[in-house]
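1. when you get a sec, could you give me coordinates for this:
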Amino acid sequence: MATILLVGVDLFFRGKLDALLARHRLVTADTIAEPELVIADISRVEPEEVADAYQDIPIVGFSGHTDTAGLRRANAAGFDQVLARSALQERAAEVIEELLAPVE
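-> The predicted structure is shown next:
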């Protein structure tokens, strides 16, 4: 079980992630737990700020498939994975497990 920090994730999508990643602990910035991975909604946060704040932690960014500028900014900021929201929803467990493999 890993601690995953959600940055900018709305409550509706958080509910989906809770179900998809049930074996992990999902937290928000108001917790004191040190995350092992970050999931950020790049349509609601600045990718550069997230990348700067969590330099040594794997970061997954997502946005709507039409937000190509945001997806490019997250790639440029150095996110480990950048996906359309629908792709994250389809492959969340697979993507997270792949990024956490070196940690566990």
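2. name the residues linked to the residue most central in space within the chain by a beta bridge.
-> Nearest to the geometric centre of the chain sits residue 39, at 1.3 Å (Cα atoms, centre = their mean). Counting by DSSP bridges, residue 39 is bridged to residue 6, residue 60.
3. surely it and residue 62 touch.
-> Yes - between residue 39 and residue 62 there is a contact under Cβ atoms under 8 Å: 7.2 Å. C-beta here means a position set from N, CA and C on the backbone, and glycine is covered the same way.
4. common neighbours of the two, please.
-> residue 88 (Cβ atoms under 8 Å, 6 or more residues apart in numbering).
5. can you list the low-confidence ranges for the chain?
-> 102-104 (pLDDT under 70).
6. could you pull out the helices in it for me?
-> 11-20, 47-53, 68-77, 85-100 (DSSP state H).
7. to residue 32, which of those lies closest?
-> Of all these, helix 47-53 sits nearest to residue 32, with 15.1 Å by Cβ to Cβ.
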